[in-house]
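In: Have a look at this prediction, sequence included:
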Amino acid sequence: FTPEHKSKVNLIDYMNNLAETKNFAGKKLLKCSINHIKKYSPTGIQLNSIDENWLRGFEEYLQKRQLSNTSIIDYLIAIRVTLNTAVRERLIPISPFAYYKQTTKHIQSKRNFLSFEELNKLNNTYCPDENIKRAFLFACYTGLRISDLMNLRWNDIKENHLVIRQIKTKNLLYLPLSETVLYLLKQQRGNIYDLGDEKVFKLPCLATILKYLREWTKSAGINKH
């Protein structure tokens, strides 16, 4: 049984406290969701008062704001995570999402891909930061996520392959390295077998990386995102 005073916790207060335990992306999503909840329920709402009717009304409110489907789904995910956490902490017995079926669906967006000709253009075009250029080309030829790329260390490379624990999925990745990728590594360090705990690519923050990528691709005459 859940004590009544615990289930009367205000949703916004609870989400604010939960946001403090999240990384930047999770914290930002919770804060944005809180802003919309304040507009939808100006007087506030307690955790034990949230039901599928409230969720339906909140989703309809977001739809009327003409937000993208992705944003609406993200805000609903933020509330789902909040309520699931409340269940685990014994604040409410069950999440109302167990009874609710959302109407907003994912719409797959069109993605742009680089051709080999465009990769050659980038390879032959000057980039203000040579380390970013080498890291980006390395990612193109290996398929590594940027989180794995920024965390890649020399001792992850075993002769002509690398073995890493992926940051996002926690899965172990065994990846053979092509001659092109090995060449990019040799540009970085004279001997690719000189292994250690040092990072392979010393990269700045993501905002700086994207700034250089935009300048570099524009110089190469590539207008893809």
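Out: Yep, that arrived.

In: can you tell me the helix or strand for the residue nearest the centre of the chain?
Out: Central residue of the chain (C-alpha atoms, centre = their mean): Ala25, 7.0 Å from the mean position. For Ala25, the host element (DSSP states H and E) is helix 24-40.

In: Run through the neighbouring helices and strands of the helix or strand just after that helix.
Out: Later in the chain than helix 24-40, the nearest helix or strand by DSSP H and E is helix 52-64. Helix 52-64 sits against helix 24-40, helix 69-88, with contacts defined as 3 or more C-beta pairs under 8 Å, 6 or more residues apart in numbering; DSSP states H and E. C-betas here are computed from N, CA, C, even on glycine.

In: Mean pLDDT per helix and strand in the chain: which one sits at the bottom?
Out: Ranking every helix and strand in the chain by mean pLDDT, DSSP states H and E puts helix 4-7 at the bottom, with a mean of 63.

In: and after it, which helix or strand comes next?
Out: helix 11-19.

In: quick one: buried residues of that following helix?
Out: Under the neighbour-count criterion of 16 or more other C-beta atoms under 10 Å, helix 11-19 has Leu11, Ile12, Tyr14, Met15, Leu18, Ala19 buried.

In: Taking these, tell me the two that lie furthest apart.
Out: Leu11 and Ala19 (12.5 Å; C-beta to C-beta).

In: Show me the shaky parts of this structure.
Out: Applying pLDDT under 70 to the chain picks out residues 1-7, 188-196.

In: if I pick the closest residue to Tyr75 other than its chain neighbours, what's in contact with it?
Out: Among residues not flanking Tyr75 along the chain, Ser33 sits closest, at 4.7 Å (C-beta to C-beta, 6 or more residues apart in numbering). The contact partners of Ser33, by C-beta atoms under 8 Å, 6 or more residues apart in numbering, come to Met15, Asp74, Tyr75, Ala78, Ile79.

In: re the thing from before, between helix 11-19 and the helix holding Ala25, find me the angle.
Out: 170 degrees (axes from the mean of the first three to the mean of the last three C-alpha atoms, to 10 degrees).

In: Quick check: buried residues in helix 24-40?
Out: For helix 24-40, burial by neighbour count (16+ other C-beta under 10 Å) applies to Leu29, Leu30, Ser33, Ile34, His36, Ile37, Tyr40.

In: For the first one, which non-adjacent residue is closest in space?
Out: Leaving aside its chain neighbours, Leu29 sits nearest to Ala78 (5.1 Å; criterion: C-beta to C-beta, 6+ apart).

In: The one you found and Ser219: what is the separation?
Out: Applying C-beta to C-beta, to the nearest Å, the value for Ala78 to Ser219 is 39 Å.

In: And these two? Which one has more around it.
Out: It is Ala78, of Ala78 and Ser219, that has more neighbours when counted by other C-beta atoms under 10 Å, with 24 against 14.

In: What are the neighbouring residues in contact with the more buried one?
Out: Met15, Leu29, Leu30, Cys32, Ser33.

In: how near is the residue nearest to Leu206 when sequence neighbours are not counted to Ile73?
Out: Nearest residue to Leu206, sequence neighbours excluded (C-beta to C-beta, 6+ apart): Ile146, at 7.1 Å. Using C-beta to C-beta, Ile146 is found at 23 Å from Ile73.
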